[in-house]
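> Here's a sequence, model it:
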Amino acid sequence: MPLSFLGASALGLIATGVAWLVVAGRAARDVTADPVVAAVHLGVLATLAMGLLGALHQFVPVITGRPLRSTVAGYASCALWVAASWMLPFGIGLSAPVVTGLGGASAGIAVLVVSWNLWPALRVRGKGPAVTAMRWSMAGALITTYLGVAFVGDRQASWFALSARADLAMGVLGVFTWLGTAYVGVASKLWPMFMLAHLESRARSVRASVWLVPVGALVLAAGLLAALPALAAGGALVLAAGLAAHLVALGAHVRRRRRARDLHLVFVLTSAASLLGGVALALVAAVTGSAHPRAGRDLVAAAMALFGGWLLLALVGHAHKVVPFIAWSVLRARGVVSNPRGQALGFADLYSARWALASYVSTTGGVAALGLGLAIASPPVMRLAGILLAFTGVVVGANLGRGPGRVAHAAPAATSAASGTPESAPTR
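A predicted model of the protein is given here:
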């Protein structure tokens, strides 16, 4: 079931790339125009949120030791979120109020189903900061989604003045309180496993990050919504401290790793670089925005693109570890124990390393080009970003999706009973 979310996320990334190809010219003139907002929603909802919801459905039961309420509810929430994450952008971009309204309703129902399905597991005590982060993430999902539903309603009935400041506040909530906090929590469990770096999960930097990131984002968003610069600045400082703690934890894992450098590590470090780039652009925007409003607005958009790149690079990098891990277990359960060469089946047999490297290059290039294109208001650079992001979606989806099927059809199969005792998971 988590693979359904991840597969839909790859399709969302393809759509996001195509959308930026279409709206690049409009974005160079006005980053708040409806078609541009639609492209952003495809990236955030259909790609990032979809992928991280899949990660939550996979890792919440693993981390808490408690099952989901219902697998059927998991599939239902996936279908509802697919509908919402596509209808909302298309409704906004095509000025179709009915489609937008249906998308908002689907998102509202989906997040309730996800919360109902995950909450019994998340109520567990004594499981450390990762569970705290996931609780914050679900709270952020509810706040962001229903704030978005209110904005959808406002587009129909004009209940209140929907300003660019309010859009930015919702973006901060979505990227940091919801998606960023989910990644911070999941990463604290995945880094030790994938890097063989056994940092204490309750280390001070990990605990600080799972509290300061969501709280800082909430305060920053409140300051933006209420037009209170002092409150927004205070929230930004708390958020920056939380992100710094997250990077300190990453540095500690990297220093203590016992696994050699690999593509996953490169993805994670590049993701951190994108986060730092976003912070730098946000600071420049804060300094120059009052004197040059247009430039400041473009820099804020570029900063948000790099913050999204932080999550996208992490999502793609971790997918090359998580998807083969899940597929390996499924194949083993079906009796496939060898690769096509007759050797013991390993994770690396389930995807092409060459295409994984290509996806790293295209993801990094797409994120960098989108940030640069928004910062300098350049349509050609944004179109290049769209091409690279769409290419990434195609390559990652095909590489991770076709590998297990290819192995299953080509490899000699044997049941665990025939082989004596079950084999442990491969370490490579």
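> just checking, Leu53 touches Ser77?
Yes - because the distance of 7.3 Å satisfies Cβ atoms under 8 Å, Leu53 is recorded as touching Ser77. Where you see a C-beta, it was placed from the backbone N, CA and C, and this is true even at glycine.
> shared neighbours of the two, anything?
Taking Cβ atoms under 8 Å, 6 or more residues apart in numbering as the contact rule, Leu53 and Ser77 both touch Val114.
> Looking at the two, which is more packed in?
Leu53 (29 against 25; other Cβ atoms under 10 Å).
> Helices along the stretch 51-200 of the chain, start to end?
71-93, 97-122, 129-157, 164-172, 181-195 (DSSP state H, counting those that start in this stretch).
> Would you indicate which residues of the last one are buried?
Applying a neighbour-count criterion of 16 or more other Cβ atoms under 10 Å, the buried positions in helix 181-195 are 181-192, 194-195.
> Ok, the longest one next?
Neighbour counts over helix 129-157 (16+ other Cβ under 10 Å) mark 129-145, 147-149, 151-152, 155 as buried.
> Then the second one?
Of the residues in helix 97-122, 99-111, 113-115, 117-118, 121-122 count as buried by neighbour count, 16+ other Cβ under 10 Å.
> now swap in the fourth one and tell me
Applying a neighbour-count criterion of 16+ other Cβ under 10 Å, the buried positions in helix 164-172 are Ala166, Asp167, Leu168, Ala169, Met170, Gly171, Val172.
> Now do that helix against helix 129-157: the angle between them, please.
Inter-element angle recorded for helix 164-172 and helix 129-157: 150 degrees (by axes from the mean of the first three to the mean of the last three Cα atoms, to 10 degrees).
> chain center to helix 164-172: distance?
Taking Cα atoms, centre = their mean, to the nearest Å, one finds the center of helix 164-172 at 18 Å from the center of the full chain.
> Equivalent analysis for the second one, please.
Helix 97-122 sits 17 Å away from the centroid of its parent chain (Cα atoms, centre = their mean).
> I'd like to know which elements that helix is packed against.
helix 50-64, helix 71-93, helix 129-157 (3 or more Cβ pairs under 8 Å, 6 or more residues apart in numbering; DSSP states H and E).
> Reformat those helices as JSON lines; add distance to Ala38 and mean pLDDT.
Converted to JSON lines, those look like this (distance: least, Cβ to Cβ, whole Å; pLDDT from 0 to 100):
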{"stretch": "helix 50-64", "distance to Ala38": "16", "mean pLDDT": "90"}
{"stretch": "helix 71-93", "distance to Ala38": "3", "mean pLDDT": "93"}
{"stretch": "helix 129-157", "distance to Ala38": "12", "mean pLDDT": "84"}
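> closest one to Arg261 among these?
Ranking the helices and strands packed on helix 97-122 by distance to Arg261, with Cβ to Cβ as the measure, places helix 50-64 first at 23.7 Å.
> Name the next helix or strand following the longest helix seen in the chain along the chain.
Using DSSP state H, we find that the single longest helix of the chain is helix 293-333. Going down the chain from helix 293-333, the next helix or strand is helix 353-376, by DSSP states H and E.
> quick one: the helix or strand just after that next one to helix 353-376, angle?
Note on helix 353-376: by DSSP H and E, the next helix or strand toward the C-terminus is helix 379-410. With the same axes, to 10 degrees defining the directions, helix 379-410 sits at 160 degrees from helix 353-376.
> buried ones in helix 379-410?
Buried residues in helix 379-410 (16+ other Cβ under 10 Å): 379, 381-397, 399-401, 403-404, 407-408.
> swap in stretch 8-20?
Those would be 8-20, for stretch 8-20 by 16+ other Cβ under 10 Å.
> Contacts only, for Gly371.
Contacts of Gly371 (Cβ under 8 Å, 6+ apart): Gly277, Gly278, Leu281, Ala302, Ala303, Ala305, Leu306, Gly309.
> Need the max-distance pair from the residues you listed.
For the contacts of Gly371, the farthest-apart pair by Cβ to Cβ is Leu281 and Gly309; their separation is 11.3 Å.
> who's more crowded, these two?
Using other Cβ under 10 Å, the more surrounded residue of Leu281 and Gly309 is Gly309, with 27 against 23.
> burial of the closest residue to the more buried one other than its chain neighbours, as a residue count?
Among residues not flanking Gly309 along the chain, Val367 sits closest, at 3.2 Å (Cβ to Cβ, 6 or more residues apart in numbering). Counted with other Cβ under 10 Å, residues neighbouring Val367 total 27.
> Can you report how many residues neighbour Ala46?
Look at Ala46: counted by other Cβ under 10 Å, it has 26 neighbours.
> Please apply the same query to Phe267.
Residues near Phe267, counting by other Cβ under 10 Å, number 24.
> can you tell me which helix or strand it belongs to?
Residue-wise, Phe267 maps onto helix 263-288 under DSSP H and E.
> by contact count, what packs against that helix?
The contact analysis (3+ Cβ pairs under 8 Å, 6+ apart) places helix 263-288 against helix 181-195, helix 229-256, helix 293-333, helix 353-376.
> What ranges in the protein fall below the confidence cut-off?
Across the chain, the ranges flagged by pLDDT under 70 are 154-164, 199-202, 408, 410-428.
> Show me the residue sitting in the middle of this structure in space.
Nearest to the mean C-alpha position of the chain, counting by Cα atoms, centre = their mean, stands Leu48 at 3.4 Å.
> Return the distance of that residue relative to Val336.
Remark: distance between Leu48 and Val336 (Cβ to Cβ, to the nearest Å) = 32 Å.
> again, but for Ala39
Counting by Cβ to Cβ, the gap between Ala39 and Val336 amounts to 40 Å.
> re the thing from before, would you mind giving the helices of the stretch 51-200 of the chain as a markdown table with distance to Leu357 added?
What follows is the helices of the stretch 51-200 of the chain, written out as a markdown table (distance: least, Cβ to Cβ, whole Å):
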| stretch | distance to Leu357 |
| --- | --- |
| helix 71-93 | 29 |
| helix 97-122 | 34 |
| helix 129-157 | 30 |
| helix 164-172 | 31 |
| helix 181-195 | 17 |
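> closest one to Phe325 among those helices?
Within the helices of the stretch 51-200 of the chain, the stretch nearest Phe325 is helix 181-195; the backing value is 9.2 Å (Cβ to Cβ).
> Tell me the helix or strand right after the closest one.
Counting by DSSP H and E, what follows helix 181-195 is helix 204-225.
> Now that following helix: buried residues?
For helix 204-225, burial by neighbour count (16+ other Cβ under 10 Å) applies to 205-225.
> try stretch 33-51
Buried residues in stretch 33-51, counted by 16+ other Cβ under 10 Å: 34-51.
> how about the CA coordinates for that stretch, as CSV?
Written as CSV, here are the backbone C-alpha positions of stretch 33-51 (Å, rounded to 0.1, in the frame of the first residue of the first chain):
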residue,chain,number,x,y,z
ALA,A,33,-0.9,34.1,-10.7
ASP,A,34,-3.4,31.2,-10.6
PRO,A,35,-1.6,29.0,-13.2
VAL,A,36,1.7,29.3,-11.2
VAL,A,37,-0.2,28.5,-7.9
ALA,A,38,-1.6,25.4,-9.7
ALA,A,39,1.9,24.3,-10.6
VAL,A,40,3.1,24.8,-7.0
HIS,A,41,0.1,22.7,-5.8
LEU,A,42,1.0,19.9,-8.1
GLY,A,43,4.6,19.9,-6.7
VAL,A,44,3.5,20.1,-3.0
LEU,A,45,0.4,18.0,-3.0
ALA,A,46,0.7,15.5,-5.8
THR,A,47,4.5,14.9,-5.3
LEU,A,48,5.8,15.8,-1.9
ALA,A,49,2.7,15.2,0.2
MET,A,50,1.9,12.0,-1.7
GLY,A,51,5.3,10.6,-1.2
